[in-house]
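Undergrad: Fold the following, please.
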Amino acid sequence: MKKIAVVGTGYVGLVTGTCFAETGNQVVCIDIDESKVERMRNGEVPIFEPNLDVLFERNLRTERLNFTTSLEVGIKDAEIIFLALPTPPGEDGSADLSYILGVAEQLGHLLSDYAVIVDKSTVPVGTADKVREAIAKNARCQFDVVSNPEFLREGFAVSDFMKPDRVVIGASSERARKVMEQLYKPFVRQGNPIIFMDERSAELTKYAANSFLATKITFMNEVANFCELVGADVDKVRIGIGSDDRIGKRFLFPGIGYGGSCFPKDVQALVKSGKEKEFNFRILEAVIDINNDQKKVLLPKVKNYFRGNLTGKKIAIWGLAFKPDTDDIREAPALEIIAYLLKEGAVISSYDPEAMPNVKQRFGDQLEFSGSEYDALHAADALIICTEWGIFRNPDFERMAKVMNDKVIFDGRNLFDVDEMTEKGFYYNSIGRRTIES
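TA: Residues are numbered from 1 along each chain as shown. Predicted coordinates:
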């Protein structure tokens, strides 16, 4: 059993603290938001993440998981202190380290015994050195700083944490390596590796991984757009290249671009880090530009279908989160589509199983938030699918046809079979495949 402090209770911090408590550790999570801390003490999970609520409630009940607003109280007697603080992008795309370095400076005053300080946040190369320097200014005891990037997929974060395909740890101290190895042993009993390296390599590993996946997605979106021009079927191309084990099947599904809290921010930050060293990530610069365009790829199709006039047209939107099984709307393509449609004078009805409260905070009453996917379709002139939630994959098409003004679907996630949509008589426009005229 380890005594662990986790500074920050955002997505990464809360999952990290809860999962470490689940393996028998004593965990204190620290956040400056008094209201949020009080809600968590009372059993409220502030984010939607499948299965997190079960682990959260169990470890709160057994008092292995605790919460405080006091950094001094939270780190008292902690052997390991995780920094899971936000690193939002600045206007130039660089990661803002002010939260991390601010806490690091406070830790220097507060540490009274050896501890391992862990950068869990996604941070630029060299951040561990900066954290070490900030703590050392005022430190009265020995400490080590290590980099331990997270590789959590929203919607699968608990599973990813409890059964990681690898654990990456950047540490230059043998003492810190042993502490971290012991901490993670329960999570890799099936033989998946704990990979040790230096701190800078660990920091770059996270950025490189996310940037590569963003590039893979973007490449497939480019192929899909070209398929539409030449009459090819992107589904067949995807299967053809994904069967090559050098390429693999994952992250080859075309759509309306990536979003979320990681890919956009991390790709931008790596490009910015390169520029600071007078190095241009030309591939990643193209990825950013292409993805921004891809989020809007359905909009000319919608406008052309309505002969250039969307005023008064009722458009239903299925899916608001950037991906299924989360309420996260950061950089979600649906937001771009909503903003455009509102500007063009369309009336919007929407449905998402989890993300509607977050979208309402941004757009207020400018669009309708429906009680179900079918309610959103009532008197709709067209449907746009933005997120591939499971409940959208096998809808009642007869019911859809009855409640919609017209059987028109623009599918940004290629949920339905083209031949099936032909049989059902829908106008069906998707990504990288032939369009079905009704």
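
Undergrad: where does the stretch 1-150 of the chain dip in pLDDT?
TA: Applying pLDDT under 70 to the stretch 1-150 of the chain flags no residue at all.

Undergrad: In it, what residue spans correspond to helices?
TA: 11-22, 34-41, 52-61, 71-75, 98-110, 127-136 (DSSP state H, counting those that start in this stretch).

Undergrad: Looking at those, which is nearest to residue 290?
TA: helix 11-22 (26.3 Å; CB to CB). Just so you know, the C-beta spots here come from the backbone N, C-alpha and C atoms, and that holds for glycine as well.

Undergrad: Let me know the angle separating the closest one from helix 34-41.
TA: Helix 11-22 runs at 30 degrees relative to helix 34-41, counting by axes from the mean of the first three to the mean of the last three CA atoms, to 10 degrees.

Undergrad: Quick one: residues in contact with helix 11-22.
TA: In this structure, residues lying in contact with helix 11-22 by CB atoms under 8 Å, 6 or more residues apart in numbering are 2, 4, 6-7, 9, 27-29, 31, 45-47, 49, 52, 55-56, 58-59, 64-65, 82, 84-85, 120-121, 150, 152, 154, 157-158, 161-162, 183, 261, 328.

Undergrad: Could I have the ChimeraX command that selects the buried members from the residues you listed?
TA: Selecting only the buried members of those in ChimeraX, with burial defined as 16 or more other CB atoms under 10 Å, works like this:
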select :2,4,6,7,9,27,28,29,31,45,46,47,49,52,55,56,59,64,65,82,84,85,120,121,150,152,154,157,158,161,183,261,328
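
Undergrad: Filter the contacts of helix 11-22 down to just the ones in strands.
TA: Using DSSP state E, the members of those that fall within strands are 4, 6, 7, 27, 28, 29, 65, 82.

Undergrad: How far does stretch 367-387 sit from its chain's centre?
TA: The offset between the C-alpha centroid of stretch 367-387 and the centroid of the whole chain comes to 24 Å, using CA atoms, centre = their mean, to the nearest Å.

Undergrad: for stretch 88-103, same thing?
TA: The answer for stretch 88-103 is 18 Å, by CA atoms, centre = their mean.

Undergrad: Buried by neighbour count: which residues of that stretch qualify?
TA: Judged by neighbour count using 16+ other CB under 10 Å, the buried positions of stretch 88-103 are 93, 94, 95, 97, 99, 100, 101, 103.

Undergrad: now stretch 407-421
TA: Neighbour counts using 16+ other CB under 10 Å place 407, 408, 409, 410, 411, 412, 413, 414, 415, 416, 418, 421 of stretch 407-421 among the buried residues.

Undergrad: closest to residue 279 among those?
TA: Relative to residue 279, the closest of the buried residues of stretch 407-421 is residue 412; by CB to CB it sits at 34.1 Å.

Undergrad: which residue packs closest to that closest one, ignoring adjacent ones?
TA: Setting aside the residues directly before and after it, residue 412 is nearest to residue 256 in space (CB to CB, 6 or more residues apart in numbering), at 3.7 Å.

Undergrad: per-residue pLDDT, that neighbour?
TA: We note a pLDDT of 98 for residue 256 in this prediction.

Undergrad: I'd like to know which elements the helix or strand harbouring residue 214 is packed against.
TA: According to DSSP states H and E, residue 214 maps onto helix 199-230. Judged by 3 or more CB pairs under 8 Å, 6 or more residues apart in numbering; DSSP states H and E, the packing partners of helix 199-230 are helix 127-136, strand 143-147, strand 167-170, helix 234-242, helix 263-276, helix 282-294.

Undergrad: what separates residue 352 from residue 364, distance-wise?
TA: Going from residue 352 to residue 364 by CB to CB, to the nearest Å gives 16 Å.

Undergrad: higher neighbour count, those two?
TA: Neighbour totals were compared for residue 352 and residue 364, and residue 352 leads with 27 against 8 (other CB atoms under 10 Å).

Undergrad: got the contact list for that one?
TA: With CB under 8 Å, 6+ apart, residue 352 has these contacts: 318, 319, 320, 321, 359, 387, 389.

Undergrad: I'd guessed the fourth one sits against residue 332; true?
TA: By that I understand residue 321. Yes - here residue 321 lies in contact with residue 332, judged by CB atoms under 8 Å, at a distance of 6.1 Å.

Undergrad: Cheers, nothing more for now.
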